[in-house]
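**Student:** need coordinates for the below:
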Amino acid sequence: MNKIIIVGGLSACLLLGGCGAGQAADATSAESTVVAQESTAAQAESAEAIAGTTEAAATETAQNEAQLPDGVYTAEFSTDSSMFHVSEACDGKETLTVKDGVMTIHISLGSKKILNLYPGLAEDAAKDGAVLLEPTTDTVTYSDGMTEEVYGFDVPVPVIGEEFNLALIGTKGKWYDHKVKVSDPVAEGAADTFDLSAVEDGSYTIELTMEGGSGRASIQSPAQLAIADGAATAILEWSSPNYDYMLVNGEKYLPVNTEGNSVFEVPVEALDAPLTMIGDTVAMSTPHEVEYTVTFHSETLESAESGK
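**Tutor:** Numbers count the residues shown, from 1 in each chain. Sure, this is the predicted structure:
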């Protein structure tokens, strides 16, 4: 009813020579602009909320996928800087504890020069109210028997095998951004793998077993194994010429031969432990990656030269 009266009034004013028409038009235009601005702001807020929810969900998913069963593990801790690393006495390995699904790794550093850590970015660590990681005083023992007191920290771990932000502040009073990664957790009490560093450099043969795939293809056993400085490399010959690459620890390896059965030269991370290796076969209508579990048995390790 009110709308009809307003329209009628406007018509009368127009008939009388446009009294107040300009003002009414301006008011209507201003109101439309306000409505449009409010609508745009609401849409932006909604989009931001959706983006935030999506990001949070992605983070939660990544964290859930990274969770380990509750327990104590030994894991590798690596950083993006030679100036920020765990003590050499630790050989890059630290203790990872999982309790109620929350992962925390205790790291012992190389000195007492790093005063605090912050699980995030440096700019956030410098803000008032930021919760900093406080140091503990750890005693580390080197291979020659010498001991040293260094600072250690309990670092929350959001994900295994992927980099995450960890800021630090040292004696100079400035925060620095760093990327760190926790990888290869091994549960305490798990069977120890063979110590490759104790083996003399040279060429060897070793028997292996493999699982996975359809069983139609296999890797020749024993295989050739070269050991140098505690690192092992195997020459794997398939029973098929149809493998065009292998994936080991995320790295792609191409055949070392062009004729006959497919042959690859790949690293062997450990003996007496199941290792995941992926072979891509072109025997089917389309290339297909097949996952295998390969175990190299240390008790069969023999020198290729002496047969011992």
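
**Student:** so where does the most centrally placed residue in the chain fall, helix or strand?
**Tutor:** Closest to where the C-alpha atoms of the chain average out (Cα atoms, centre = their mean) is Glu162, at 1.1 Å. Under the criterion DSSP states H and E, no helix or strand holds Glu162.

**Student:** find the nearest non-adjacent residue to it, please.
**Tutor:** Closest residue in space to Glu162, ignoring its immediate chain neighbours: Lys181 at 6.6 Å, by Cβ to Cβ, 6 or more residues apart in numbering. In short, each C-beta sits where N, CA and C put it, glycine included.

**Student:** quick check: neighbours of the helix or strand where the one you found lies in the sheet, parallel or antiparallel?
**Tutor:** Lys181 belongs to strand 179-187 when assigned by DSSP H and E. Neighbouring strands of strand 179-187 in its sheet, by DSSP bridges, are strand 71-79 (antiparallel), strand 164-165 (antiparallel).

**Student:** which residues does Glu251 bridge with?
**Tutor:** Residues in beta-bridge contact with Glu251 (DSSP bridges): Val248.

**Student:** what pLDDT does it get?
**Tutor:** Note on Glu251: pLDDT of 91.

**Student:** do the one 10 residues further on as well
**Tutor:** With respect to pLDDT, Asn261 scores 96.

**Student:** and stretch 78-91, what's buried?
**Tutor:** Neighbour counts over stretch 78-91 (16 or more other Cβ atoms under 10 Å) mark Thr79, Phe84, His85, Val86, Ser87, Ala89, Cys90 as buried.

**Student:** so what does Gly198 have for phi and psi?
**Tutor:** In this structure residue 198 is Ala, not Gly. Dihedral pair for Ala198: phi -90, psi 0, per degrees, to the nearest 10.

**Student:** now it: how far from Val294?
**Tutor:** Distance from Ala198 to Val294, counting by Cβ to Cβ, to the nearest Å: 22 Å.

**Student:** higher neighbour count, these two?
**Tutor:** Val294 (22 against 7; other Cβ atoms under 10 Å).

**Student:** just to check, that one is in contact with Ser221?
**Tutor:** No. Counting by Cβ atoms under 8 Å, Val294 stays clear of Ser221, with 9.8 Å between them.
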